[in-house]
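[1] I'd like to go over a predicted model; first the sequence, then the structure.
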Amino acid sequence: MACLPLWEDRLGRTLKIVDKDDDPLHQPNICLPRVSPAEDPFYGLETFDGPGPWDRSTLEKMITFSGNDYLNLSTHPAVRKAAAKAALAHGMGPRAPFMTCGHTDYHRLLEDTLAEMTKKDACVITPTGFAARTALLSALGNVASLTSAGRRPTREERIGIFADVLNHPTIIDGLRLVEEQREADVFVYRHNDIDHLDELLSGCPAEKKVVYSESLFGINGDFAPILKLVELRKKHGYLFVVDEAHTILTCGRNGGGIGEVYGIQDQIDICIGTLSKATGCRGGFIACSEGWKKLIQARGQPFTFATSTPVPIIAACYEGIMAQGAVWSRVQEFAALTRCSAMSPLVSLLVGSEQEAVNASRHMLECGFHVTAIRPPVVAPNACRLQLTLTSAHTSEDISRLVAALSLWIPALRADDDRMASRLLMAVEQAEGFAQGTTHISSDSFHSLLSERILL
Ligand SMILES: Cc1ncc(COP(=O)(O)O)c(C=O)c1O
């Protein structure tokens, strides 16, 4: 008991560093539409009080550009129905990890579907996308420790993992894990810098090398130079891991991601993704060979020791993938029209300091938009940004209003206005493209919008 004040003090000081701002950013209440008593999952429950009245005022006043439900599949009728029917028929099992009590036919069906989409022989479904990254990296680390006959792996035996500096924090955590256990040496290359990567690969003594890159970087909203990475693989013979977290379902005819867009799925050894974004549900997956699947099942701790994903979630994911076709075809039409290889649902606006990013986000909130400020530890303190995420439910009208709000904020920045205006220009082009592609709303005259709102 005596140490509690000390802890309070330490916690208070740590929190001050984590959130310098005493007035934390407002997070919107997610307001669900009202349903009839018969449809309400909580209605008539005897053991709990009913839910409190939803605060609709937030929803009515605010449009969110901060979720990852890119194709709005989380509310698709087929997805809802599949989850509800599976829950009624089967409950929330399986109630143990796969290694303890196995998987159901539903799990296998989803695994086979994802393997087929990404052109791999097998697939492992994990409880979250986070778990997929850490499970894969933990299994990779085991290749070094299990083959070095009980000793610490030597430098040559350790694995060399090469990762882009802008990879997502879940990947960084997995990398720290294998580095900490001295199973791998981690090399971080400059963002999308192929020459830097080539140089690091050439100087690394490890026999087994892995390159890990996101296909579309969540932090920056830009694509990896995937064809150059495929070329470099021919020179260095590395295991190529592509993280399609943001591109599964949003890119490629069958939703197979950037690998499918460029027809290079056979050059990608392991394709990793999440089911928590465009799929509209929850979970992650690792599509790979049968051999890698066996190793991940046995030694990918965050998979091996975690309870399997419940059947209703698996059923909803499967339905989401099936329902994706109709939404995706609209994205495809727009991409063909603009001769874009792929559309990105992410727009990142580099702002500068943490305070400027927080101020910008707050300004957007006052204008009725929830737009997230990306801050440390995700990015460096001077590289904070606003991240806009687009979905198929946003309309051109929403985007026009968003642009108007953003352009009001530009003069408030100390940053060079011209540079900011050109960044915004690119962002709007991307946002407009996505909205047109996914909703078929004809352009609100993109150019007049820009000249009205930004350039003049
Ligand atoms: C590359 C990447 N991996 C993993 C995740 C986390 O996935 P999940 O929410 O399914 O754990 C994200 C989410 O932002 C991501 O961008």
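    Alright, I've got the coordinates. The model shown is predicted, which means the values in this text are computed figures rather than measured ones.
[2] from here on, contacts and neighbour counts on C-alpha atoms
    Will do.
[3] can you tell if stretch 301-311 touches the ligand?
    No. Using CA under 6 Å from any ligand atom, stretch 301-311 stays clear of the ligand, coming no nearer than 11.6 Å.
[4] go on, stretch 256-263?
    No. Stretch 256-263 lies out of reach of the ligand by CA under 6 Å from any ligand atom, never closer than 13.0 Å.
[5] what residues does this protein put near the ligand?
    Counting by CA under 6 Å from any ligand atom, the chain comes close to the ligand at Thr128, Gly129, Phe130, His168, Thr170, Gly218, Ala245, Thr274, Ser276, Gly283, Gly284.
[6] Any idea how many residues pack against the first one?
    Each residue near Thr128 was counted by other CA atoms under 10 Å, and the total is 19.
[7] likewise the last one?
    A count of neighbours around Gly284, defined by other CA under 10 Å, yields 23.
[8] next one: phi and psi at it?
    Backbone torsions of Gly284, given as degrees, to the nearest 10, read phi -140, psi 170.
[9] cool, and the second one?
    Geometry field for Gly129 lists phi and psi as phi -70, psi -40, criterion degrees, to the nearest 10.
[10] wait, isn't it in contact with Thr274?
    Yes. Between Gly129 and Thr274 there is a contact at 4.5 Å, judged by CA atoms under 8 Å.
[11] distance of the residue nearest to Gly252 when sequence neighbours are not counted from Leu146?
    Of all residues not flanking Gly252 in the chain, Val261 sits nearest, at 4.8 Å (CA to CA, 6 or more residues apart in numbering). Remark: distance between Val261 and Leu146 (CA to CA, to the nearest Å) = 37 Å.
[12] Cys123 too?
    Using CA to CA, Cys123 is found at 23 Å from Leu146.
[13] ditto for Glu199
    Applying CA to CA to Glu199 and Leu146 gives a distance of 29 Å.
[14] out of everything not next to it in sequence, what's closest to the residue in the chain positioned nearest to the ligand?
    For the chain, the residue closest to the ligand is Gly129, as judged by CA to the nearest ligand atom, at 3.2 Å. Spatially, and ignoring its direct neighbours in sequence, Gly129 is nearest to Gly284 (3.9 Å; CA to CA, 6+ apart).
[15] re earlier: overlap in contacts of Gly129 and Thr274?
    Ala245, Gly283, Gly284, Phe285 (CA atoms under 8 Å, 6 or more residues apart in numbering).
[16] confidence score at the first one?
    The predicted local confidence for Ala245 comes out at a pLDDT of 97.
[17] The spatially closest residue to Tyr318 that is not a sequence neighbour: what's it in contact with?
    Spatial nearest neighbour of Tyr318, chain neighbours left out: Leu110 (5.8 Å); criterion: CA to CA, 6+ apart. Residues in contact with Leu110 (CA under 8 Å, 6+ apart) are Ile314, Cys317, Tyr318.
[18] Would you format those residues as JSON lines with pLDDT and distance to Ser344 included?
    Shown next, in JSON lines, are these (pLDDT from 0 to 100; distance: CA to CA, whole Å):
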{"residue": "Ile314", "pLDDT": "96", "distance to Ser344": "26"}
{"residue": "Cys317", "pLDDT": "96", "distance to Ser344": "21"}
{"residue": "Tyr318", "pLDDT": "94", "distance to Ser344": "23"}
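[19] More neighbours: which of Val261 and Leu146?
    Remark: of Val261 and Leu146, Val261 carries more neighbours, 17 against 13, as counted by other CA under 10 Å.
[20] where in the chain is pLDDT low?
    Residues of the chain that meet the criterion pLDDT under 70 lie in 1-3, 19-33, 40-61, 325-343, 410-456.
[21] domains in it, as residue ranges please.
    Following automatic domain parsing, the chain resolves into domains at 81-320, 346-455.
[22] In TSV, list the ones you listed along with distance to Trp7.
    Converted to TSV, the domains of the chain look like this (distance: least, CA to CA, whole Å):
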stretch	distance to Trp7
domain 81-320	26
domain 346-455	23
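[23] who wins for proximity to Arg13 among these?
    Arg13 sits nearest to domain 346-455 of all the domains of the chain, at 16.7 Å, using CA to CA.
[24] Leu386 in helix, strand or coil?
    Assigned by DSSP: H, G, I helix; E, B strand; the rest coil, the conformation of Leu386 is strand.
[25] That one: neighbouring residues, count only.
    Neighbours of Leu386 under the rule other CA under 10 Å: 24.
[26] From Phe369, how far off is it?
    Leu386 is 12 Å from Phe369, by CA to CA.
[27] Count the neighbours of His38 for me.
    His isn't right for residue 38; it's Ala. Residues near Ala38, counting by other CA under 10 Å, number 9.
[28] Please disregard the earlier target; I meant Glu207.
    Using other CA under 10 Å, the number of residues around Glu207 comes to 13.
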